Every structure is written in structure tokens, then in C-alpha cells.
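1. I'd like to go over a predicted model; first the sequence, then the structure.
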Amino acid sequence: NWYMNGSLAETGPGGDATITASVEDPVTREITRITFGGANSGVIPNGGMLVSDFVRKPVDYGAKMYIRSFVQISPGFVYSNKQDVRGGDCCWWGAASIDLTGVAGAFTNTDSLAIFMPAAVLGYSTKAGVILFGDSRLHGGLVSITGVDRPGFDQSGDTGQIERAIGPYVGYINAAHPGDTAQAFAASNTNRIALAQYAPISIMAHGVNDILIGRTSAQIQADYATVKALLPASQKVFHASIPPGGTTSNNNFLNAVGQTIGTNDAQRLLLNTWKNGPPAGYAGSFDVASVIESPTSKWDSVEARQVTDGAITAGTNIFSSVAANFTPDDVGLCIAIPGAGNAGGLFRAVIGQVDKPSQVTLLNANGTASNAATTVSGATCVIGATTPDGTHETFRANVRIAKSKVINPALLVR
């Protein structure tokens, strides 16, 4: 019952929340009630968290389950924007909503983005657990920039820079937040540090937003030291290096030649050198940046290509290009279509399916159509850029990070 406010401080919504909850088996539809101190409902304090009683519900490794919850709070509930519609998530909010924690099956979804979810699902396991600290790149739920990685682009349920790499091997708590800085995290962290007690491993990836506001590598290192001192002494703390940020491009990130490095990037490189050391007292470092960064410290262009015959009609999500010669491997790539957006601006979308070599269907992460606003033909379009905006990676870029095994799952052990 807390969130990060505009100043990046942990804060409550202004009132306690009453919750009832259950676990639903997605196969048998069996409902198992979650209790709180033996009662069917509990109270989550304003600005804090509530741990339920232990639920005797064995879950096979890799198996799915649904957490059903009904939350009542007068100021308004705290929600995440990481709803995975394709994965079966539903959210019904508002004065008309009722308690459905005892009823199996889907219900009417009134929002394709918002979802109330546990901060963590705790349990006994033979595998280690990991907590992730970072910003939007780890959070994986940014909705303001089309093409950025989000839930629903595949069936894994994982999203973001690190989740996709570790999800098949260990359980994790994603405590990252869009816009967060190492400076803000060092100043306000009570709930996230409390969550850290449940994971023997942490991965720390703050830094890009600090760099973008002009802070130095030395200042960020000091913030890391502040946070590390608050973590359990037994916790293995890993670093993840920081890919570029604030980079601009004159060709929609087709290649490194068209890019201009972001301001203060020299401090990012110094920070990565320190992270990759790794510094004394840390368990290791994962050089994530090396997978998607060019030798000139810009975004790479491994999957990017350009076509000059792009066409799409306003109000539709069908893009055509003979020169593109689409294949099934193109699903998930981001397309930048100049002139097809609002008022003839840039339109970005993601390839949801390949209809034929000259045509694809553009979809959002939740499976809905991504429609152009303006008709264009003969457009010069970029397909498969690593970043849509110079600061965030695409879904496919994070898939490459996962496949690279730069985050070695063999190191994620107690």
C-alpha cells in the first residue's frame, strides 16, 4: 500500500487498505483462500505492507497460478501498470467492483494497463531468489514510449532488462521504478529494503537517470554504498552495467553513425568501469551494456534495417513493404514510420505477426491493434532498432540480453 511519488520517495496513498485474497489454480480452477492472522481479510497500513499467513499450496517450478485480490481503500488503490493481458491478468476497479476472490475464472477487465499485485509471493524453494533494484529499464512497464519492452510481447510473463534473463532460472522480486535514481533510492528505501530480506541475491542497476541529470560516477558510487549498507549482511549483491542514455539520432537509430552521444556520457563509462570491476564487497557484475552498445558507446544496430517503400493507411495496423521481405523472425521488432503519426508525426509500433513477406500486422503488448493516424506510402522506415528513444531498450533488445547469457544463471545461487 505504497508507491513512488513525483519526488521518487516511497509514500502511502493516504489511508489503510482492506484486502481479501486467494490463489487460483489455472488448470483445475481450485480456489485456496489466503488468510491474514487467521482471518479472511487483513489491513495493509498506509505506506506499508502486509504479509499473509502461509498457504499450503505446492506449485511446481515454472507452473502458473493466479493471485486474486479485492482491495478497498477510500483515497484510491495503489496499482502497477504491468498488467499482462495475454497472460490472463484482469483488473476491475471502481465503486461498482465486488469481491470475486472466491469465484474462479476471468472477469470483465476494465483497464488494459492497471493491475493490483503482491509486492512479492514468498515460498520455500530449492532455488535462490533475486531482488532487482533499478529504473524503467528494469521495471519493464513503461507505457509512454511505444516499442519499449512491456509484459505481453511473449508468453514468459517476464519483462525488462533483467527479468527476461533470470526468469527461467530463479524467482525474483522486481523492485525497480521508472525514473528512479541512485540518489533518490539512497534517500527513501524503507519498503524496498524490507523486501530484500526475502531474497539472498540482489542486482543493482541504478544510474542512467543520475547521469542524465548531471551527476558524477563518484556520487552514484556513494549512493550505492549507502544502500548496500542497509541490505542484509549475508546478501550477495551484483551490479549490472548501464547502457547508453539520452542518445539522439537523425535516422531513427538505424546505425551508430546517425547517433549523438548523450550529455555526461563520460560519467556513465566511468561508472560502468567501476561496476564491472567489480568493486570490493560486491559478488560480481553483469555487463549488460556490452550486449546492446556499439564500440563507440552508442546503441548498436544488430537487427536494424531500412526500407524506402513503407506504406500504411490511417486507422489501420497493416504495414506493407516489398523491400522488407518479412520473416517470422521479425515478430517483436519495432518499426519507426515517419509521417504516419498524429498530425503527420513519427509513428512507432511493434510487429505482432507476419502476414506475408510484404505485410505485417502491428500490435501493442496487450494484443490490441496499433493503428496509424496518417496515411503514408513510399516512407523511409527503420525496422528493428535497438532503442526507440535513445534511453530505453526494445523487447527484442532485452531478448538478446537474455540469450547472451551475460547474466550467468550459474552465479545466482545462495
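-> Cool, got the structure.

2. Now S80: phi and psi?
-> As for S80, its main-chain torsions (degrees, to the nearest 10) stand at phi -100, psi 150.

3. If you tally nearby residues, what's the number for it?
-> 18 (other C-beta atoms under 10 Å). Bear in mind the C-beta positions are built from the backbone N, C-alpha and C, glycine included.

4. List the contacts of it.
-> 114-117, 141 (C-beta atoms under 8 Å, 6 or more residues apart in numbering).

5. and if we set it to 6 Å?
-> 115, 117 (C-beta atoms under 6 Å, 6 or more residues apart in numbering).

6. do the one 10 residues further on as well
-> Counting by C-beta under 6 Å, 6+ apart, C90 touches 106-107, 109.

7. Give the helix, strand or coil label for it.
-> coil (DSSP: H, G, I helix; E, B strand; the rest coil).

8. how far away is it from P118?
-> In this structure, C90 and P118 are 15 Å apart, going by C-beta to C-beta, to the nearest Å.

9. Next: A218.
-> 37 Å.

10. same deal with S80?
-> With distances taken as C-beta to C-beta, S80 is found 10 Å from P118.

11. again, but for E163
-> On the measure of C-beta to C-beta, E163 and P118 end up 16 Å apart.

12. quick revisit: can you tell me which of the contacts of C90 has the most neighbours?
-> Taking other C-beta under 10 Å as the neighbour criterion, N109 ranks highest of the contacts of C90 with 15 neighbours.

13. quick one, what contacts that residue?
-> Contact analysis of N109 by C-beta under 6 Å, 6+ apart lists C90.

14. what do you get if the cut-off is 10 Å, keeping everything else the same?
-> 83, 85, 89-92, 115, 366 (C-beta atoms under 10 Å, 6 or more residues apart in numbering).

15. G141 touches G179, doesn't it?
-> No. Using C-beta atoms under 10 Å, G141 is not in contact with G179, being 11.8 Å away.

16. Which one of these two is surrounded by more residues?
-> Neighbour count, other C-beta under 10 Å: between G141 and G179, G141 has more, with 24 against 13.

17. Now do the strands in the stretch 101-250 of the chain.
-> 129-133, 171-174, 201-204, 236-240, 248-249 (DSSP state E, counting those that start in this stretch).

18. what are the pairing partners of the fourth one, and which direction each?
-> What that stands for is strand 236-240. Strand 236-240 has its sheet partners listed here by DSSP bridges as strand 201-204 (parallel), strand 284-286 (parallel).

19. do the same with the last one
-> Applying DSSP bridges, strand 248-249 is found paired with strand 259-260 (antiparallel).

20. Could I get the buried residue list for the helix or strand that the strand it pairs with is followed by?
-> In the C-terminal direction, the helix or strand that comes right after strand 259-260 (DSSP states H and E) is helix 265-275. Residues of helix 265-275 classed as buried: 265, 267-272, 274-275 (neighbour count, 16 or more other C-beta atoms under 10 Å).

21. try stretch 377-387
-> So for stretch 377-387, counting by 16+ other C-beta under 10 Å, buried means 379-387.

22. In CSV, list the C-alpha atoms belonging to that stretch.
-> What follows is stretch 377-387, C-alpha atoms only, in CSV (Å, rounded to 0.1, in the frame of the first residue of the first chain):
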residue,chain,number,x,y,z
SER,A,377,3.3,5.5,-48.8
GLY,A,378,6.9,5.4,-50.0
ALA,A,379,8.0,6.1,-46.5
THR,A,380,11.6,5.6,-45.4
CYS,A,381,11.2,3.4,-42.3
VAL,A,382,13.5,1.7,-39.8
ILE,A,383,12.8,-1.8,-38.7
GLY,A,384,14.5,-3.4,-35.7
ALA,A,385,16.2,-0.5,-33.9
THR,A,386,17.7,-1.5,-30.5
THR,A,387,16.1,1.6,-28.9
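
23. Figure out how far it is from the centre of its chain.
-> Relative to its parent chain, stretch 377-387 has a centroid offset of 24 Å by C-alpha atoms, centre = their mean, to the nearest Å.

24. returning to that earlier point: name the nearest of the contacts of C90 relative to S290.
-> For these, the residue nearest S290 by C-beta to C-beta is N109; the value is 39.6 Å.

25. contacting residues for S144?
-> Counting by C-beta under 10 Å, 6+ apart, S144 has contacts 81, 136, 178, 389, 392.

26. was I right about G94 contacting D111?
-> Yes. If you go by C-beta under 10 Å, G94 and D111 touch, sitting 9.4 Å apart.

27. Buried deepest among the strands paired with strand 236-240, which one?
-> Highest mean neighbour count of those: strand 201-204, a mean of 25 (counted as mean count of other C-beta atoms under 10 Å).

28. State the mean pLDDT of that strand.
-> For strand 201-204, the mean per-residue pLDDT is 98.
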